[in-house]
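>>> Give me a 3D structure for the following:
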Amino acid sequence: MAVRLDLPPDKTLATRVIETEAEHNTRKLERGLMGLIFGLATEKPGNIAGFALIAFCLMFAGVLIWGTDSSSLSKKDVLSLIGGFITLTLGFVFGRTSSS
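Numbering: from 1, shown residues only. Okay, here's the model as predicted:
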């Protein structure tokens, strides 16, 4: 499937259009299928952590609403476990990127 470009008559402008299109296609290939969901490599870790944070918060709310206590695992234990993962992802999202 070839993309047909409408190039302007100016040669320098046409060159810029071709270069920009080539750069766009290169980024699209680098991104891949997972990149459609989580973004490029530079922002991917933060986006995955944000997705995990939302998922853990939904799990936390689900346990609060529909969770039941059992003899082997209480509601408090499940909330403590999920709360630990929430604080872990918050630390990743808002933590420092380098130590000094």
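>>> Nearest the middle, which residue of the protein would you pick?
The C-alpha lying nearest the average C-alpha coordinate of the chain belongs to residue 47 (C-alpha atoms, centre = their mean; 2.5 Å).
>>> Just the element for that one, please.
Taking DSSP states H and E as the criterion, residue 47 maps to helix 44-66.
>>> And the helix or strand just after that helix, what's buried?
Scanning forward in sequence from helix 44-66 by DSSP H and E, the next helix or strand is helix 75-94. Under the neighbour-count criterion of 16 or more other C-beta atoms under 10 Å, helix 75-94 has 78-79, 82, 85-86, 89 buried. Where C-beta positions appear, they are placed from N, C-alpha and C, glycine not excepted.
>>> How about stretch 42-61?
Of the residues in stretch 42-61, those buried (16+ other C-beta under 10 Å) are 48-49, 52-53, 56, 59-60.
>>> Give me the mean pLDDT for it.
If you average the pLDDT over stretch 42-61, you get 87.
>>> List the neighbours of that stretch that are in contact with it.
34-35, 38-39, 79, 82-83, 85-86, 89-90, 92-93 (C-beta atoms under 8 Å, 6 or more residues apart in numbering).
>>> Now do the same for the nearest residue to residue 8 once chain neighbours are set aside: helix, strand or coil?
Spatially, and ignoring its direct neighbours in sequence, residue 8 is nearest to residue 14 (5.6 Å; C-beta to C-beta, 6 or more residues apart in numbering). What DSSP: H, G, I helix; E, B strand; the rest coil gives for residue 14 is helix.
>>> Which pLDDT value does the model give residue 14?
85.
>>> what's in contact with stretch 81-98?
Residues contacting stretch 81-98 (C-beta under 8 Å, 6+ apart): 45-46, 49-50, 52-53, 56-57, 59-60, 63.
>>> Domains in the protein, by residue range?
Following automatic domain parsing, the chain resolves into domains at 8-41, 43-100.
>>> Have a look at the chain and report the helix or strand with the lowest mean pLDDT.
Least confident helix or strand, the chain: helix 11-38 with a mean of 83, by mean pLDDT, DSSP states H and E.
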